[in-house]
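Visitor: Everything below, folded, please.
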Amino acid sequence: MATKENPACRSRRSFLQVSAAAAAVTVGYRILTEPMLAHAGSVPYPKDAVLINANENPLGPCSVACDAVNSVASQGGRYSDWMTTDLIKTFASAEGLKPEYVHAFPGSSGPLHYSVLAFTSPTKSYVTADPGYEAGAHAAKASGARFVKVPLTKTYAHDVKAMLAAAPDAGMFYICTPNNPTGTLTSHSDIEFLLASKPKDSILLVDEAYLHFSDAASALDLVKADKDLIVLRTFSKIYGMAGLRCGFAIARPDLLEKMTAFSGWSAMPITAVAAATASLKDPRIVPDRRRINSTIREATFQWLSKSGYSFVPSQSNCFMLDAKRPAKEVIAAMAAQNVFIGRQWPVWPTHVRVTVGTQPEMERFQEAFQRVMSGAAVSARHVPHEASAIHLDGLVVPGSRT
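Guide: This is a model prediction of the structure:
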């Protein structure tokens, strides 16, 4: 006679099977991040270099965040998970969310990759914009998913109708708004349309890493409505904590459970948690930094327009600049002048991405770019800090390593 299996044993077996599958997928797998894509950090930069290549915030952590780091550093011998719980409660309360809808991570790169692994497969495609942030494509390659790139619209938004048409087998649609690298927005109504029209078993991942640089509405209201989406947030950008590593995935608990099956358990760095909590409690940080970034960005745009240069109008802390010549040559020539700008995207071979730095940094950028465009600067033979490349279905990702 067959014996009935204990539900607890069945649940444990299912968990182990998922964990084993996750381990099998991720053996030898490396999470791709912005600094890796920006070929940054492999060796020290030259002295007094202008670093506007990796979408970092030159302001760094705010003063209250730095004070919080200093006060908690001596407790670094403890995991102190209660601090992460407090951070989640602080964020959830501010956004009107239930705490169980929020999961903290060291940055947002991890949950992006784990989500792709959880919701795509050889039969469930990964759909993104072109140009768009490339890291998810690396995870899609690991999951064996078909990688679908869809051009942006004429106004540089995600073309949600074309994304739907291109992948009726989609497992995940990825929208970064403001978009990396263009800094342009995809409307809330387009996000709602995609959610209403997508295949039944697919999900939408909305990356809001750069949201606070704009006045755009968040997609968190759709999470509250229990829709099939995950929203990512990070403290790396407007909060200036790229090196401290803290971020969130926000979604229904069942979606978070599927995604975190691929992440395992790891303690959050308490310095990052302390800095993030302190930052959330200071209401001045986001509006003040949005104003600073906007002021410098618009002044740069005015100079570019006056000088006759073409660029994509951005609402973020980066923009795409059309040099009208091979981007790699311009990147190298700028690096030779100790000004490091961002990378190119294959679909736009003459465009380079530029991060908005401080006003003095952008003035140095203007001087160097003017020399390059006038032919007064001599191009370097190679781009410093450039590493090997990963090829993803025709997409070349510079500065990442296998």
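
Visitor: going forward, measure contacts and count neighbours with C-alpha atoms only.
Guide: Fine.

Visitor: and the residue nearest to Y239 when sequence neighbours are not counted, which of the three is it?
Guide: Nearest non-adjacent residue to Y239, counting by Cα to Cα, 6 or more residues apart in numbering: P61, 6.0 Å away. Secondary structure assignment for P61 (DSSP: H, G, I helix; E, B strand; the rest coil): coil.

Visitor: Read off the pLDDT value for P61.
Guide: pLDDT recorded at P61 is 98.

Visitor: Okay, it and P46: tell me how far apart.
Guide: 23 Å (Cα to Cα, to the nearest Å).

Visitor: which one of those two has more residues nearby?
Guide: P61 (25 against 11; other Cα atoms under 10 Å).

Visitor: Can you name the residues that contact that one?
Guide: By Cα atoms under 8 Å, 6 or more residues apart in numbering, the residues touching P61 are 239-241, 275.

Visitor: can you check A157 too?
Guide: 179, 184-187.

Visitor: who touches the longest helix along the chain?
Guide: Looking across the chain with DSSP state H, the single longest helix is helix 285-307. Outside of helix 285-307, the residues within contact range by Cα under 8 Å, 6+ apart are 62, 212-214, 238-239, 279, 310-311, 313, 315-317, 356-359, 362.

Visitor: Check what pLDDT G399 gets.
Guide: 35.

Visitor: Apologies, that question was intended for D207.
Guide: Here, the pLDDT recorded for D207 equals 98.

Visitor: looking at it, V347 is touching D130, isn't it?
Guide: Yes - V347 is within contact range of D130, at 7.0 Å (criterion: Cα atoms under 8 Å).

Visitor: These two: who's more crowded?
Guide: Neighbours per residue (other Cα under 10 Å) separate V347 from D130, with D130 holding more: 21 against 11.

Visitor: Next up, the contacts around the more buried one.
Guide: 149-152, 347.

Visitor: returning to what we had before: got the contacts of A157 as CSV, with secondary structure and pLDDT columns?
Guide: Shown next, in CSV, are those (DSSP: H, G, I helix; E, B strand; the rest coil; pLDDT from 0 to 100):
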residue, secondary structure, pLDDT
N179, coil, 98
T184, coil, 98
L185, coil, 98
T186, coil, 98
S187, coil, 98
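
Visitor: nearest to S93, of these?
Guide: Nearest to S93 among those is S187, at 25.4 Å by Cα to Cα.

Visitor: one step back: top of the contacts of P61 by neighbour count?
Guide: Neighbour counts for the contacts of P61 peak at A275, which has 27 neighbours (criterion: other Cα under 10 Å).

Visitor: how close does it sit to A242?
Guide: Going from A275 to A242 by Cα to Cα gives 12 Å.

Visitor: Spatially central, which residue of this structure would that be?
Guide: The centre of the chain sits closest to A209, judged by Cα atoms, centre = their mean, with a distance of 5.5 Å.

Visitor: and that one, what is it in contact with?
Guide: 108, 176-178, 232-237.

Visitor: contacts for stretch 345-359?
Guide: With contact meaning Cα under 8 Å, 6+ apart, stretch 345-359 is reached by 51-59, 130-131, 181-182, 293, 296-297, 317-327, 331, 341-344, 362, 395-396.

Visitor: try it again with 6 Å
Guide: Contact with stretch 345-359 is made by 52-53, 55, 58, 296, 317-327, 341-344, as judged by Cα atoms under 6 Å, 6 or more residues apart in numbering.

Visitor: ok, now stretch 361-381?
Guide: 332-333, 336.

Visitor: As CSV, those with neighbour count would be great.
Guide: Below are the contacts of stretch 361-381 laid out as CSV (neighbours: other Cα atoms under 10 Å):
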residue, neighbour count
A332, 22
A333, 26
A336, 19
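
Visitor: out of those residues, which are inside helices?
Guide: 332-333.

Visitor: just the contacts of stretch 361-381 now: which is nearest I203?
Guide: Using Cα to Cα, the contacts of stretch 361-381 come closest to I203 at A332, 39.5 Å.

Visitor: could I get the strand or helix carrying C66 in CSV with only the CA atoms?
Guide: For C66, the enclosing helix or strand under DSSP states H and E is helix 63-72. The C-alpha coordinates for helix 63-72 follow below in CSV (Å, rounded to 0.1, in the frame of the first residue of the first chain):
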residue,chain,number,x,y,z
SER,A,63,26.1,63.5,5.4
VAL,A,64,23.5,61.7,7.5
ALA,A,65,24.4,58.5,5.6
CYS,A,66,28.1,58.9,6.3
ASP,A,67,27.4,59.6,9.9
ALA,A,68,25.3,56.4,10.1
VAL,A,69,28.1,54.4,8.5
ASN,A,70,30.6,55.7,11.0
SER,A,71,28.4,54.9,13.9
VAL,A,72,27.7,51.3,12.9
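
Visitor: Could you list the residues in contact with that helix?
Guide: With Cα under 6 Å, 6+ apart as the test, helix 63-72 has contacts from 271, 274-275, 278-279.

Visitor: list the buried ones in it?
Guide: Within helix 63-72, the residues that count as buried by 16 or more other Cα atoms under 10 Å are 64-66, 68-69.

Visitor: L194: which of the residues you listed is nearest?
Guide: A65 (37.3 Å).

Visitor: Can you show me the strands along this protein?
Guide: Along the chain, counting by DSSP state E, strands occupy 50-52, 102-105, 125-130, 147-151, 170-176, 203-207, 229-234, 247-250, 310-311, 318-322, 339-341, 351-355, 389-392, 395-398.

Visitor: Show me what counts as buried in stretch 266-279.
Guide: Buried, per 16+ other Cα under 10 Å, within stretch 266-279: 268-279.

Visitor: for the stretch 101-250 of the chain, what are the low-confidence residue spans?
Guide: Of all residues in the stretch 101-250 of the chain, none has pLDDT under 70.

Visitor: all helices of it, in order?
Guide: 109-119, 135-143, 160-166, 188-197, 220-224 (DSSP state H, counting those that start in this stretch).
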